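**Student:** Quick check, what structure comes out for this input:
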Amino acid sequence: MQPSSGSKDQMKNMAIKDILGSLYKTAPGTHIIVVYPHFEALKEIYAHYIQRQLTNSEIVLILSYYDTVEGIKKYLEDFENGGERINVDKHLHEGSLLIVDSTKAFFNSNATSSYDEEFSSKNSDNENIVSVTKVLNSHSKKLNKHHVTILVDLGCFFNISDGVECLLKYENSIPQMFKNMNLKQFCFYYQEDFEKRFSISEKAKLLDRHGRTVLMLDN
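**Tutor:** The predicted structure follows:
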């Protein structure tokens, strides 16, 4: 199900402002879960965070699920904050910004990058995203970038058999993947998915596998 659009703008904006203030302070090696109530809130977080981190000499990878690569690109191109815009084409060209379909990154060997053939994995399982992570970390050094942030919507797992089991295994692998890497990862879950797809014990395991939890819930 497609996430709904946002409402209650004043309350939403206050919440997002507070959340962004917290996310900006995230240190390398951090693994965060963010549960979002609707896609407009997610896109707003994407845009503000990406603009800030690109300015701070980071590489940012977006693994999107509920919107297309082109849809995210267009939103970032149109986004304006304090009179400043994101030079999306420039960052895509140099490899400091990457926008990838999360289903392809996790389950399809056709996931490719415009700057590095190594981004494409010969494997069609979760080793694909592991390969992506390692290449990004290496590429950050080539570009003389300070850190790498991965923003991933994990809704893609709900389209495969045993998706919840595979997802929990992936989340459990993140700390090991981060060893000796200058990475941060934000795992985004649509609120309806989070509430309906997991049992109580699975939710507890999922939250326990993250260093921090950010909940943006519509009550």
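**Student:** Assign Leu151 to helix, strand or coil.
**Tutor:** In three-state terms, and counting by DSSP: H, G, I helix; E, B strand; the rest coil, Leu151 is strand.
**Student:** Contact partners for the residue nearest the centre of the chain?
**Tutor:** Centroid-nearest residue in the chain: Leu151, 1.4 Å away (criterion: C-alpha atoms, centre = their mean). With contact taken as C-beta atoms under 8 Å, 6 or more residues apart in numbering, Leu151 is in contact with 46, 49-50, 60-63, 186, 188. Placement of C-beta: from N, CA and C, glycine included.
**Student:** out of these, which are buried?
**Tutor:** The neighbour-count test (16 or more other C-beta atoms under 10 Å) applied to those identifies 46, 49-50, 60-63, 186, 188 as buried.
**Student:** In strands, which of those appear?
**Tutor:** Judged by DSSP state E, those include 60-63, 186, 188 as members of strands.
**Student:** from the residues you listed, which single one is nearest Glu84?
**Tutor:** For these, the minimum distance to Glu84 (C-beta to C-beta) is 16.0 Å, reached by Val60.
**Student:** distance of that closest one from His91?
**Tutor:** Using C-beta to C-beta, to the nearest Å, Val60 is found at 8 Å from His91.
**Student:** closest to Leu215 among the ones in strands among the buried ones among the contacts of Leu151?
**Tutor:** For those, the residue nearest Leu215 by C-beta to C-beta is Phe188; the value is 11.8 Å.
**Student:** Below-threshold pLDDT in this protein: ranges please.
**Tutor:** 1-14, 108-131, 175-180, 219 (pLDDT under 70).
**Student:** still on that earlier bit, need the contacts of Leu151 in JSON lines (columns: distance to Arg85).
**Tutor:** What follows is the contacts of Leu151, written out as JSON lines (distance: C-beta to C-beta, whole Å):
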{"residue": "Tyr46", "distance to Arg85": "15"}
{"residue": "Tyr49", "distance to Arg85": "15"}
{"residue": "Ile50", "distance to Arg85": "12"}
{"residue": "Val60", "distance to Arg85": "16"}
{"residue": "Leu61", "distance to Arg85": "20"}
{"residue": "Ile62", "distance to Arg85": "17"}
{"residue": "Leu63", "distance to Arg85": "23"}
{"residue": "Phe186", "distance to Arg85": "23"}
{"residue": "Phe188", "distance to Arg85": "24"}
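**Student:** Run through the residues that contact the closest residue to Val152 other than its chain neighbours.
**Tutor:** The shortest distance from Val152 to any non-neighbouring residue, by C-beta to C-beta, 6 or more residues apart in numbering, is to Leu63 (4.0 Å). Leu63 makes contact with 100-102, 105-106, 129, 150-153 under the criterion C-beta under 8 Å, 6+ apart.
**Student:** and if you look at Ile174?
**Tutor:** Counting by C-beta under 8 Å, 6+ apart, Ile174 has contacts 31, 185, 209.
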